[in-house]
Every structure is written in structure tokens, then in C-alpha cells.
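K.L.:
just a sequence and a predicted model for now, questions to come.
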Amino acid sequence: MKFNPDADLDTSGIEDTRGSGGGRGGGGLPGGMIPVGGGIGGIILLVVILLLTGGLPGGGGSDQPAVQNTAAGNLNSCKKGTDLQSNSDCRFVFYQNSIQTFWATELPRRGKKYTPAPMRVFSGSVNTGCGPATSAVGPFYCPPDKRVYLDLGFFQTLQTDLGARGGEFAEAYVIAHEYGHHVQNLYGILNRIKSRNGPTSDSVRSELQADCLAGVWTHHATTVPGKNGKPLITDLTQDDIARGLDAAASVGDDRIQQKTQGQVTPESFSHGTAAQRMRWFTKGMDTGDMTACDTWTASSL
């Protein structure tokens, strides 16, 4: 994956709250809150972390220390593509800028207004419009405050605990998936979610559609311009795509259930199987057309 060193980056939609002193507020668990359409692994990821590590990362009110900030620097300082040389985390600004710019162009082209969604980067725990949450929930989108929430430490968990290969495009896929939920929210699709468990549940259909929308952005990623009109991302290789597909598979319900409980129980699915997640991501990527992402009327997922 190659980033344009001549790109102008826009940090107006980045909220980097790491080290702000507010990371532990709101308690350790998200209480009764389930972010609608939230989490690349959502609450399932919480179970994985509990089983594999014996506790929660960061949990407010506990004796555990908050997750340490491992960033090379605050994301709000990322103004130019060349800033990536001194702050490797600037790549997250590239991802966010590219994804938001794409949808801000695509939706009006289809007669729909796009409302920007900030990306809030935190460490340990965070207060949200959906209630307090910890890093254990994984990346998620909160409809009430229209924000994507991300603890960068998740990507290490994705590799060490969930067995993903990782890599830059695996990160980009995760963020594009969460912005897919934002697009769903703007269309009122998240209001359709009534059933949250089962192989054909509304939750599964919503998550697979977000995977497909992430694929749609991927199709166009190398043509999306930054503030100065120059492409933000200049190259995606087959290895990049393979890593994105691998990340999608790693958070499939069947993979996670097999790892955590030794068996697969489809009646408790909430995000879709590894094969389904790869298939819908690929469908979006191959077509580049969001109309191909109708998981709600699909007879076969």
C-alpha cells in the first residue's frame, strides 16, 4: 500500500483523545450499550479478549492500568503526506480522509447528502453517545453521535489473538467497514435491525453490507483525491487485498466461536461467517457499486 507524499491531509474530522486524561471515564464494560452496527468484532471480540487474556484491556474502576499509548504522535499533527515519515500513525489519517472523501462524493451523486463522521481515536476507554466503552469492544460506530471509535491497539489484538496477518490494508478495511455503518445510518438502514442473532439475522445482514461497502471504497481507493486534488493512496497490491480479506475472515463468527468455545453455533451469529464476510467484501470491491450491497433482500448470504 503506497501513500502519496505530496498529499495534503485534513485532520478536521480526527479526534485524537489519547493522553487527554479522559480515557478511563465511564467504567470498564459498556454496560447495556451495544453500538448499533458496532464493532468489527463487536461484543464477540469482547468474549475473545476475556477468554484469551483473562481480563479487559484498560477497564475503568479496576486495578489494571489503562492501555498505553503506543502512537508515534498525535494524529492531529498529520498535515502533509511527508509527515508519515516522522509519525507512522499518520496512515490512519490517510485512511479516514480517503474513505470520507469517497462517500462525500458518492452519496450526493446518488441524490443523498453525506454528513461527515469524525473518527475518535482513544486509548483504554471512552465516553460515547452510545454510553461508556472500553477497548475490548473493538472498533465501532455510534449512531447517536455519528462517530467512528478506534483504539489503535486493536490491530495488535487482531493479529495476536485472532490470527490475522495484519498490515496496512487490514487496518484500512476495518475503518472502511465502520464508515460503512455510517453510510447505513444516513440511509436509515440501521433502524431495520430488530433481530441480533442467527445466521440470517438483521445484525448479520447489516454487518455483511458494511463489509460490502468497505469493498466499494476499496475499488475506488487509488483514485480518491486529497485536499489538493492529488490521490491520497497511490497503489494497492494483491498482497494488500489478501490481507484485507484475511482480516475479514479472522473476525467471522465461525472463526471466533471455534477459537473461543471449540464449536460453531450459527444461532448466535451476529456478524457472519468468515466466508460470507470475504464474499461480500469482494462483491463490493469487484463492482465498485453500492447497489450491489443489498444484503437485506439477498436470498443467500
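P.N.:
In hand now; what should we look at? What you see is a predicted model, and the numbers here were worked out from it, not measured in a lab.

K.L.:
run through this protein and note the low-pLDDT ranges.
P.N.:
Residues of the chain that meet the criterion pLDDT under 70 lie in 21-72.

K.L.:
where does residue 285 sit: helix, strand or coil?
P.N.:
Look at residue 285: counting by DSSP: H, G, I helix; E, B strand; the rest coil, its state is helix.

K.L.:
where do the helices of the stretch 151-300 of the chain begin and end?
P.N.:
154-160, 168-186, 202-220, 238-250, 253-261, 274-287 (DSSP state H, counting those that start in this stretch).

K.L.:
starting at the chain centroid, how far to the last one?
P.N.:
In other words, helix 274-287. 16 Å (CA atoms, centre = their mean, to the nearest Å).

K.L.:
again, but for the second one
P.N.:
Distance, stretch centre to chain centre, for helix 168-186: 5 Å (CA atoms, centre = their mean).

K.L.:
same check on the shortest one?
P.N.:
For helix 154-160, the distance between its averaged C-alpha position and the chain's averaged C-alpha position is 13 Å (CA atoms, centre = their mean).

K.L.:
which other helices and strands contact it?
P.N.:
When contacts are defined as 3 or more CB pairs under 8 Å, 6 or more residues apart in numbering; DSSP states H and E, helix 154-160 sits against helix 168-186. Backbone N, C-alpha and C define where each C-beta goes, glycine included.

K.L.:
quick check: angle from the helix it packs on to helix 274-287?
P.N.:
On the basis of axes from the mean of the first three to the mean of the last three CA atoms, to 10 degrees, helix 168-186 is oriented at 80 degrees to helix 274-287.

K.L.:
helix 168-186 versus helix 202-220: what angle between them?
P.N.:
120 degrees.

K.L.:
pull helix 168-186 out as CSV, backbone CA atoms only.
P.N.:
Extracted C-alpha coordinates of helix 168-186, given in CSV (Å, rounded to 0.1, in the frame of the first residue of the first chain):
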residue,chain,number,x,y,z
GLU,A,168,-1.8,-1.5,6.5
PHE,A,169,-4.7,-2.6,4.3
ALA,A,170,-6.1,-4.8,7.1
GLU,A,171,-6.3,-1.5,9.1
ALA,A,172,-7.9,0.3,6.2
TYR,A,173,-10.6,-2.4,5.8
VAL,A,174,-11.6,-2.2,9.5
ILE,A,175,-12.0,1.6,9.3
ALA,A,176,-13.9,1.4,6.0
HIS,A,177,-16.2,-1.2,7.5
GLU,A,178,-17.1,1.2,10.3
TYR,A,179,-17.7,4.0,7.9
GLY,A,180,-19.9,1.6,6.0
HIS,A,181,-22.1,1.6,9.1
HIS,A,182,-22.2,5.4,8.9
VAL,A,183,-23.4,5.3,5.4
GLN,A,184,-26.1,2.8,6.5
ASN,A,185,-27.1,5.2,9.3
LEU,A,186,-27.5,8.1,6.8
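
K.L.:
for that helix, name the packing helices and strands.
P.N.:
Against helix 168-186 (3+ CB pairs under 8 Å, 6+ apart) you get helix 91-109, strand 140-142, strand 147-150, helix 154-160, helix 202-220, helix 238-250.

K.L.:
tell me the buried residues in stretch 157-174?
P.N.:
157-158, 161-162, 164, 166-174 (16 or more other CB atoms under 10 Å).

K.L.:
appreciated, that's everything.
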